[in-house]
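In: structure for this input, please:
(chains A, B, C and D)
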Protein chains: 2
Amino acid sequence: MTDKTELNCIDCPHHVECGGKNIELVKRLAEKMITEEEAYYVAELFKAISDLTRVRILFCLLGGEMCVCDIQELVGVTQSAVSHQLRVLKQAGLVKYRREGKSLYYSIADSHVSTMLAIGLEHISE
Amino acid sequence: MTDKTELNCIDCPHHVECGGKNIELVKRLAEKMITEEEAYYVAELFKAISDLTRVRILFCLLGGEMCVCDIQELVGVTQSAVSHQLRVLKQAGLVKYRREGKSLYYSIADSHVSTMLAIGLEHISE
DNA sequence: ATAACACATGAACACTTATTCATGTGTTCG
DNA sequence: CGAACACATGAATAAGTGTTCATGTGTTAT
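Out: Numbering: from 1, shown residues only, chains lettered A, B, ... in the order given. Alright, predicted model coming up:
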């Protein structure tokens, strides 16, 4: 029995049909493939940066911490919308905040975020 | 007229109410704020990595180029679903492909993608 | 204590999106 | 040419998402 026939099971006959060049690669990767759970969390992370309003909020905060009403003014949406989106960003670990009096000052959570935004901006301008 | 009163227009009285500490910052940022168009494209880029299936596809391809049926097997979804998602990834400039006979071999488009995935994975494991 | 302010949150709606099913397209082989 | 294969694509449906509106919560000032 060769490796080919091992993988050429009922469920995946195509690997012999198409030459099966990648069988070894597929076997190797199948073992150290990212887990469903990890993939889920990565997807959730990027999902948090996948909305126009949230991207604009994040780029605001790259300039420094600011309160909700400042973000509201810079982004130009309602206070409620900003709050809802800040919640998403907070849950994704992209922003943090501190209270000062009546205001909450939001800021970028860590350097990962800045880096990802920078790479994203770089990627689209090619 | 001070800068404060300039910004303390009918539309944004809150800047005086809450102390207006950030008025200078907001003014500066308002000028070099990311454009709506740029933000939109950045959002679209990350949106392409914001789905569980697409994330798994991308991590597959980190191991090297492979054909659709290999991806199908590793990710464990239908061929149609893989094709649809590959289309999204292609349009976002995250993957490319070459034809070899009947098969199409997909691969990561550039190093930006690998970097973003690496940072993403790093971010969620904290 | 009461009012005003800064912000959060729940519900509802319009809109988007991922999968499935069926079918179409391009390629190779006999 | 025609059949089989590898993959793409259009339509439909179910599930998810962002905004708005109304209201709730926590803080400060009078």
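
In: domains in chain A, by residue range?
Out: A:3-33, A:42-124 (automatic domain parsing).

In: which one of those lies closest to B:Cys67?
Out: Closest to B:Cys67 of the domains of chain A, according to CB to CB: domain A:3-33, at 6.6 Å. From N, CA and C alone the C-beta is placed, and that goes for glycine too.

In: what does chain A put close to DNA strand D?
Out: Within chain A, the positions lying close to DNA strand D (CB under 7 Å from any atom of the strand) are A:14, A:17-18, A:47, A:50-54, A:77-78, A:80-81, A:84-85, A:88, A:99, A:101-102.

In: so which of these sit within strands?
Out: Counting by DSSP state E, the residues of chain A next to DNA strand D place A:Arg99 in strands.

In: narrow the residues of chain A next to DNA strand D to those that are buried.
Out: Burial by neighbour count, 16 or more other CB atoms under 10 Å in any protein chain shown: within the residues of chain A next to DNA strand D this picks out A:14, A:18, A:47, A:50-54, A:77, A:85, A:88.

In: residues in contact with the residue most central in space within chain A?
Out: Nearest to the geometric centre of chain A sits A:Phe46, at 1.5 Å (CA atoms, centre = their mean). The neighbours of A:Phe46, taking CB atoms under 8 Å, 6 or more residues apart in numbering or on different chains as the test, are B:46-47, B:49-50, B:55, B:120.

In: how close does the residue lying closest to A:Gly120 once chain neighbours are set aside get to A:Asp51?
Out: Closest residue to A:Gly120 apart from its sequence neighbours, by CB to CB, 6 or more residues apart in numbering or on different chains: B:Val42 at 4.7 Å. B:Val42 sits 10 Å away from A:Asp51, going by CB to CB, to the nearest Å.

In: same deal with A:Tyr105?
Out: 22 Å.

In: what does A:Ala92 give?
Out: 11 Å.

In: same question for A:Leu61.
Out: Counting by CB to CB, the gap from A:Leu61 to A:Asp51 is 15 Å.

In: same thing with A:Ile71?
Out: 14 Å.

In: and A:His123, what is it in contact with?
Out: Contacts of A:His123 by CB under 8 Å, 6+ apart are B:45, B:93, B:110, B:112-113, B:116.

In: many thanks, have a good one.
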